[in-house]
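K.L.:
predicted model follows, preceded by the sequence.
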Amino acid sequence: MAIDKIDVTKGITGTLPVANGGTGLTSGFVNGGGLSVADQFRVNATFTGDADPITSNWERIDTAGQGTITGSQMSESSGIFTFPSTGIYLVRFIGGARAYSGNSETQYELLINVTTNNSAYTCIAESHQCGSGSNSDLNLVVESLIDVTDVANVKVSVGVDAVESNSMFLASSTKNDNSLTFLRLGDT
């Protein structure tokens, strides 16, 4: 016995139901799906003391095995990061620090700063950690969601702060010691 094919969309308007009581999407898919911006930078030269913002020695990651989504990428100039398109971005700053010999206790801070007028920056996220004793290593993470409503005016910078002036912030041109990640999660 032959079975005829049935066209279930014939005569139906609106969104078709799907399993478990959900509904099928009728729009909203991005070609290829996934993130449209995934970019990462790192500081490639170790430095001591405070830097807010960190204005030099930034490089886009380029070690074998690391990657970014090419096409729509962040841009950086003197430590100021400009977004390629509007949207909601996750910005994550990871830092490695070391207290030099002779420091009895050191407090480290990582900072994310944002401007919405391309001028005045405000610290919107901080991470703090203390190290005690000489040659103690610390790893810090700070992150925030940034609402980029205007690419000409909404920008970010990051900074580091240490109580002891001879505390060292680690860096490398082959691995991420102090690194900054940008992920565009969706529309604003």
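P.N.:
Received, thanks.
K.L.:
and the next helix or strand past the lowest-mean-pLDDT helix or strand in the chain?
P.N.:
Here the helix or strand of the chain ranked lowest by mean pLDDT, DSSP states H and E is strand 168-169, holding a mean of 84. Next along the chain after strand 168-169, taking DSSP states H and E as the criterion, comes strand 179-186.
K.L.:
what are the pairing partners of that following strand, and which direction each?
P.N.:
Strand pairing for strand 179-186, using DSSP bridges, gives strand 38-43 (antiparallel), strand 87-98 (antiparallel).
K.L.:
re the thing from before, so what does the least confident helix or strand of the chain touch, helix or strand wise?
P.N.:
strand 47-48, strand 87-98 (3 or more C-beta pairs under 8 Å, 6 or more residues apart in numbering; DSSP states H and E). Yep, even glycine has a C-beta here, placed from its N, CA and C like the rest.
K.L.:
distance between stretch 166-182 and the chain's centre?
P.N.:
Per C-alpha atoms, centre = their mean, to the nearest Å, the displacement of stretch 166-182 from the mean C-alpha position of its chain is 14 Å.
K.L.:
so where's this structure uncertain?
P.N.:
Along the chain, the parts satisfying pLDDT under 70 run over 1-33, 100-105, 132-135, 165.
K.L.:
can you give me the strands in it?
P.N.:
38-43, 47-48, 58-60, 75-77, 80-82, 87-98, 105-115, 122-132, 137-148, 155-162, 168-169, 179-186 (DSSP state E).
K.L.:
just checking: what are the partner strands of the second one?
P.N.:
In its sheet, strand 47-48 lies beside strand 168-169 (antiparallel), with partners assigned from DSSP bridges.
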